[in-house]
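A.B. asks: following is a predicted model, sequence given first.
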Amino acid sequence: MKPICQGASALLAIAAGFGFVPLDVPAGEGSGLQPPTVTLVAWKGTPFPQVVLDNPQLAACLVLSPGWWEVAEAPPSLPADEQVSQEVQARLAAALGAGRSDSLTVHVAGVREGSVAAVAHGSQVLLLVPASPPPAASVLAQTVAQAVVAAALGPAPSEPRCSEPLLSFAEALVHAGVTTLATLPRELRPVGDWLDRESALAAIKTEAEAVLDSRTPWADRRLRLGQLLLPTGANPAFGQAAAALLEASGEVERFRDHPFELLLAWRNASGEPWLSLPRVLRRALADPLRAGVADKPSPDERRAISTSALTRAVANGAFPAELADAATPAELRQRAAAYRRAQGGGEVCRWLRADELPQGLLTGCRSEGETGGVVYARPGRGASFELIARSPSGAELLVLVWPHWLLFPTVLGEGEEVAFVDGRGVWSVPLDASHPPRLLAEGRYRHLTAAPGGRLLAAVEWPSGTVVLLRSEGVRRLGATGQGGVAWLTDEVLLASDGAALRFVTTGEVVRDSGLLLPDTHSLMARRGVVFAAAGTPPDAALVQVFPAEGRVERRLAAAPPTIGLAILADGTVVGGGPSLWAWKGDTVERIGAGLTPAPVP
């Protein structure tokens, strides 16, 4: 492990005195999504653990939507597949730009009451449809398109030609336009054909004046920008005007990643179908590096604008020197470390300070005080997942932002590395970011777990269920199946479940029946001789303690929440994952968050 920076440092440097951090940033979180082909499938009510194992992005939709798992039912029928699919495609082409087609799967679930709702993660969408009255195809298409667009939009890269306030306004303009285009059916496009141009210009003028008014604290202006993009708080005329501008440009995809260029194109355009450029924006574009920034901003205002620019840079994969400064907000430095670990390149331990991190949080940067908690996975924005560390006291830290789904994190060695599975295979990531992530084994795996010594890894090939040992010389199959999970009893012996029977498996490929049957097992965990399993299906799902040496099991918690992944803590608390993260001790079950596949930090 590497030491966390302990000393004091100077105040945050403000680039050019105007709060902008000039960086050469590659396109990051906000880029890459194209209008996809769309397939509608009926929700089947598959048990949640199986959803996680078979379709992690669909499981992410459920984690992102608390309560949906409990209400989703198989729909009485599917809506008109072709009609909805074509309308979704048309809306996404208008909102995100034309391009190659990717697969988008919409899982249609019924609900007994409520309104149409959808959430998207990666290539998967979960759509809730009330039984009565049956929604029109246009309503379903609008809901799906809005969910996909919301997941696609992210911070634009830094822009050295303008101030952070002006870039933020341009970004809000583009995002509002994209969102509006996703809501409109074909017959209401182009927007310019019916737009009230006077009202549209007034809306843009009002918002531009408010956002670029340097007399108003930047924090308040940022809040106003955020409200513009809320469905309940947006100015419809602003969104419609923005949509008309994007249509006039004919380059939605370009301006989605580079919104300042929309303002430049608008300044240089004239006549139909463009709107007139408001005077407030013409003045701003005459001196774009100073737009929205006072001539002599206060130190707090400088810091607020600079922090906003720095946040943008980090979200797009850049890591300026200011991250080593103690004056930079701790949350931003910690988030930067989470992004950096996905790339490698070092430095992250210099960004973290011991006095800002509670005991029991895993960082990989302290020689002590990092054990006793858990790590777990949860969905992030777009198609990403996040790895979270949680201390015994309940403090949490974002450890890693991974661009794809990840499951079954496990801590290696003495806490200097974590391993996990994603769609490509098994990865190892050094927590000090001293080198890039390493692909330990390519293929489809689940139920990854580390031996008590922290050096051996076992996993299950998916969907075959074959238990494997991951070693430096390659993957070794152990001759047993473990669809229901695997747990290390010692550094040489595992307990594996094929979903019903429990068997002992050695690293030397010896397999022996335990004599225990535990139907519908989907998670196993062992720690210092204590073994727990999550087994059964609702309403008979249970947390079960297993006594392998005695050949018996004992139910500890009846009606357990849907569970995939267990972690046993030193005090005997058992933590289970997904869609709710829950903790059990004695007779008490407590919901402590939302996340998947927790594992202990030994």
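C.D. replies: Happy to help now that I have it. Numbering: from 1, shown residues only.

A.B. asks: where in the stretch 101-250 of the chain is pLDDT low?
C.D. replies: 101, 231-234 (pLDDT under 70).

A.B. asks: for this structure, which helix is longest?
C.D. replies: Ordering each helix of the chain by length in residues (DSSP state H) puts helix 164-183 first.

A.B. asks: contacting residues around the helix or strand following it?
C.D. replies: As assigned by DSSP states H and E, the chain's next helix or strand after helix 164-183 is helix 197-211. Contacting residues not belonging to helix 197-211 are listed as 165, 168-169, 172-173, 216, 221, 224-225, 228, 235, 237-238, 240-242, 244, 275-276, 278-281, 284, 292 [Cβ atoms under 8 Å, 6 or more residues apart in numbering]. The C-beta positions use only the backbone N, C-alpha and C, and glycine is treated the same way.

A.B. asks: in helix 197-211, what's buried?
C.D. replies: Within helix 197-211, the residues scored as buried using 16 or more other Cβ atoms under 10 Å are 200, 201, 202, 203, 204, 205, 207, 208, 210, 211.

A.B. asks: and if you look at stretch 184-194?
C.D. replies: So stretch 184-194, judged by 16+ other Cβ under 10 Å, has buried residues 184, 189, 191, 192.

A.B. asks: may I have that stretch as CSV, with CA atoms only?
C.D. replies: Presented in CSV, the C-alpha positions along stretch 184-194 are these (Å, rounded to 0.1, in the frame of the first residue of the first chain):
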residue,chain,number,x,y,z
LEU,A,184,-41.7,14.4,-30.0
PRO,A,185,-43.5,12.1,-32.5
ARG,A,186,-42.7,12.3,-36.2
GLU,A,187,-45.6,14.5,-37.0
LEU,A,188,-44.2,17.3,-34.7
ARG,A,189,-40.8,17.3,-36.4
PRO,A,190,-39.2,19.5,-37.7
VAL,A,191,-39.9,21.7,-34.7
GLY,A,192,-39.2,24.8,-36.7
ASP,A,193,-42.4,24.3,-38.7
TRP,A,194,-44.6,25.1,-35.7
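
A.B. asks: stretch 432-450 - what's its average pLDDT?
C.D. replies: The predicted model gives stretch 432-450 an average pLDDT of 97.

A.B. asks: against residue 524, how distant is residue 489?
C.D. replies: Applying Cβ to Cβ, to the nearest Å, the value for residue 489 to residue 524 is 10 Å.

A.B. asks: hey, what's in contact with both of the two?
C.D. replies: 495, 531.

A.B. asks: output stretch 564-575 as CSV, nothing but the C-alphas.
C.D. replies: Extracted in CSV, the C-alpha atoms of stretch 564-575 (Å, rounded to 0.1, in the frame of the first residue of the first chain):
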residue,chain,number,x,y,z
ILE,A,564,-27.1,-12.4,-5.0
GLY,A,565,-23.9,-12.3,-3.1
LEU,A,566,-23.2,-12.5,0.6
ALA,A,567,-20.5,-11.1,2.8
ILE,A,568,-19.9,-12.2,6.4
LEU,A,569,-18.3,-9.5,8.6
ALA,A,570,-16.1,-10.0,11.7
ASP,A,571,-18.9,-9.3,14.1
GLY,A,572,-21.2,-11.9,12.5
THR,A,573,-23.2,-9.5,10.5
VAL,A,574,-24.3,-10.9,7.1
VAL,A,575,-24.6,-8.4,4.2
